[in-house]
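**Student:** Have a look at this prediction, sequence included:
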Amino acid sequence: MTAVVFAALSAPSLLGWLLLIGAFAGVFQALRAEPSPPRGVDWKWWLLILGILLTFRWPLICQLYEIHQDESVLMAGAMTLRHDPVFWRSVDGATAGPLNFYALLPAVFAPGLIPFAMTRITAVLLIWGAIMAVGETLALKTSRVVARSAVLPLILFESFTTSVELAHYSTELVPNFLLMGGAYGVARQSRRPSRRGLWLTSFLLGAVPFAKLQAIPIAAAIWLFLVVQEIRAGRKSCLPQLLIVSLLPTLAVSSLVVFTGETENLIIPYFLNNLAYAQAGRESLAPVVAQLWSYGLVEGFIPLLFIGSGLGLLPGVMLAQTASGSHRRLALAALGLLVIATACALAPHREYPHYLNFMLPPLALLSGAALAVTLGVAPTHGAQMKRAHVLLALFLLSAAAPQIALRASNRPDRFSPAFRSSEPSEAHRQLSDLVRTLGRRGEALGLWGWRSSLYVETGLHQATRQAHTESQFKAGPLQPYFLRRYLADLQASRPPVFVDTAGPGNFRFDDRGLGHQQFPQLRDWVGAHYTLVADIDGVRVYARNDRAAAFKPGP
């Protein structure tokens, strides 16, 4: 019944185009108006933008299955936090911090497979929040027309992208939301300073390390902008409070792990393992950049966004010398953020396009600064309007190009085949049904390998802290720790079902030789307490002995 309802609502493109026309009308309305300081948040326009994002992404939202491996890892962790809300005791997110998982708690309370849809709606809300923060930052520092015009290409890109890497709920979305919220706080503090705003901005930036360590340099740069701004404004007395408040998230997390006895499980998996991850498997930078560029042209259309934005930046660069000091400072700050965000995206030296999400909000900020420079040196309001129309056309080139490329490709469904390639096979459905039969909702699932979608599809939470066993399999100084903890978690939870997903057709663990049997202690414990009941879709399914005795396989 749920699938029928979603199918009935999965064709909102007409509504999306109508809302998009309304957004363009809003931009041109702002162009005709005389420049004036913004009065509050532009809620009507931003709600219109939220409608655009939701309607154009609705076909993706309606796919009630995993489209990216990380998506199910995050959802499985959030499901596990429902049963034990203490992170690092019940869930270890590897390189992802706890805030990525807690943000999904509302989504995983939905029944059946609806959490897939709710997770993608959460992704849209985070993207919308980050874009809105960028726009409101530009509105405070420049004007409403600059704010609306500069973010429109990014809105269209996020609406039209066909990239699985850039459309799933990724670990860059929560930090981007916090970072751009912090940037908005800095801009608001420059116009309407308040102690409450200063504390909230500091707290948001201080929380970034617990979303993703990779984003710390960006948060540090925004925090330094805030410090410099307070010093220039003669508010040096606030600096000690600013530092203390920015450290509050770290103090809260440290207190929690000490109180719950999970200090080791914070330091080793999150900090030391992140450092090990950053150093291992690094490739040369040039091939990584080339691969990301190639991927972006074929799937994500990110290079087209960069090219379109670059064309819009050129007039601002040429007129920078005659621009006002405030606009030049904004442009330099945005350029610095974009450089730092690019370094953060490329620092791991891995060909993961979803890292490029870090670059998108600073790019929109820089586009807005360039537009402000160009309009700010126009002698009259009429001249400003003419320049704004030209620049808007250049910006929109980056959004129109993906649509032209998409139509030229003759693909009947823009979410096909990329998004449908991971649709569960009949064998996978049989596997999920079997695991669901052996376990009961509210119980745990033990898993070796990487097929985290089984947690979401069956409603069973994690028996171990990680939703996959990549850390247990990787040879290195931390492997004994991860293996010891994995076995201890299994022995403590004694899940009714254990699956070994090492085999043909599985992600990462595509060889039976990578199975749990290669580790004697784990092999012996599973052999003593579990019975092999099926081998389906490259997955060996074991039932706990008491559950296996009562299991009656179908015909």
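**Tutor:** Looks like it came in fine.

**Student:** Just give me the neighbour total for Pro153.
**Tutor:** Neighbour count for Pro153, taken as other CB atoms under 10 Å: 25. (C-beta placed from N, C-alpha, C; glycine too.)

**Student:** What separation is there between it and Leu371?
**Tutor:** Distance of Pro153 to Leu371, computed by CB to CB, to the nearest Å: 11 Å.

**Student:** and the helix or strand containing Ala370, what's its mean pLDDT?
**Tutor:** Taking DSSP states H and E as the definition, Ala370 sits inside helix 360-376. Per-region confidence: helix 360-376 scores 85 on mean pLDDT.

**Student:** Can you spell out which helices and strands pack onto that helix?
**Tutor:** Applying 3 or more CB pairs under 8 Å, 6 or more residues apart in numbering; DSSP states H and E, one finds that helix 360-376 makes contact with helix 114-141, helix 144-160, helix 173-191, helix 302-318, helix 325-346, helix 381-408.

**Student:** Tell me the buried residues in the fifth one?
**Tutor:** What it means is helix 325-346. Of the residues in helix 325-346, 327-328, 330-331, 333-338, 340-342, 344-346 count as buried by neighbour count, 16 or more other CB atoms under 10 Å.

**Student:** The closest residue to Ser471 other than its chain neighbours - how many residues pack around it?
**Tutor:** Spatial nearest neighbour of Ser471, excluding adjacent residues (CB to CB, 6 or more residues apart in numbering): Phe482 at 4.4 Å. Neighbouring residues of Phe482 were enumerated by other CB under 10 Å; the total is 24.

**Student:** mind listing what Phe482 touches?
**Tutor:** For Phe482, the contact set (CB atoms under 8 Å, 6 or more residues apart in numbering) comprises 269, 466, 471-472.

**Student:** Quick check: pLDDT value at it.
**Tutor:** The model's pLDDT for Phe482 equals 95.

**Student:** quick one: it and Ala475, what's the gap?
**Tutor:** Remark: distance between Phe482 and Ala475 (CB to CB) = 11 Å.

**Student:** Could you do Phe160 as well?
**Tutor:** 42 Å.

**Student:** The two: which has the busier surroundings?
**Tutor:** When neighbours are counted by other CB under 10 Å, Phe160 and Ala475 differ, and Phe160 comes out ahead with 18 against 6.

**Student:** following the helix or strand of the chain with the lowest mean pLDDT, which helix or strand shows up next?
**Tutor:** The helix or strand of the chain with the poorest confidence is helix 2-8; it has a mean of 43 (mean pLDDT, DSSP states H and E). Downstream of helix 2-8, the next assigned helix or strand under DSSP H and E is helix 13-32.

**Student:** who are the neighbours of that following helix, in terms of helices and strands?
**Tutor:** helix 43-61, helix 144-160, helix 381-408.

**Student:** what's the least confident stretch among the ones you listed?
**Tutor:** Among those, helix 381-408 scores lowest, with a mean of 57.

**Student:** what residues does the following helix or strand past it touch?
**Tutor:** Sequence order places helix 426-438 as the next helix or strand after helix 381-408, per DSSP H and E. Contacting residues not belonging to helix 426-438 are listed as 424, 445, 454, 457-460, 496-497, 499, 533-534, 536-537, 539, 541, 543, 547, 551 [CB under 8 Å, 6+ apart].

**Student:** how about a cut-off of 7 Å?
**Tutor:** Identification of contacts with helix 426-438 by CB atoms under 7 Å, 6 or more residues apart in numbering yields 445, 454, 457-458, 496-497, 499, 534, 536-537, 539, 541, 543, 547, 551.

**Student:** just how off-centre is that helix within its chain?
**Tutor:** Centroid displacement of helix 426-438 relative to its chain, using CA atoms, centre = their mean, to the nearest Å, is 29 Å.

**Student:** Could I get the buried residue list for that helix?
**Tutor:** Of the residues in helix 426-438, 428, 431-432, 434-438 count as buried by neighbour count, 16+ other CB under 10 Å.

**Student:** What average pLDDT does it get?
**Tutor:** For helix 426-438, mean pLDDT is 94.

**Student:** same question, stretch 105-121
**Tutor:** So the average pLDDT for stretch 105-121 ends up being 89.

**Student:** For it, buried residues please.
**Tutor:** Those would be 107-108, 113, 115-121, for stretch 105-121 by 16+ other CB under 10 Å.

**Student:** Quick one: residues contacting His468.
**Tutor:** His468 touches 73, 449-450, 452, counting by CB under 7 Å, 6+ apart.

**Student:** what residue ranges in this protein score low on pLDDT?
**Tutor:** Scanning the chain for pLDDT under 70 picks out 1-13, 33-37, 281, 296-301, 303-304, 307-323, 376-422, 553-555.

**Student:** Cool, thanks, talk later.
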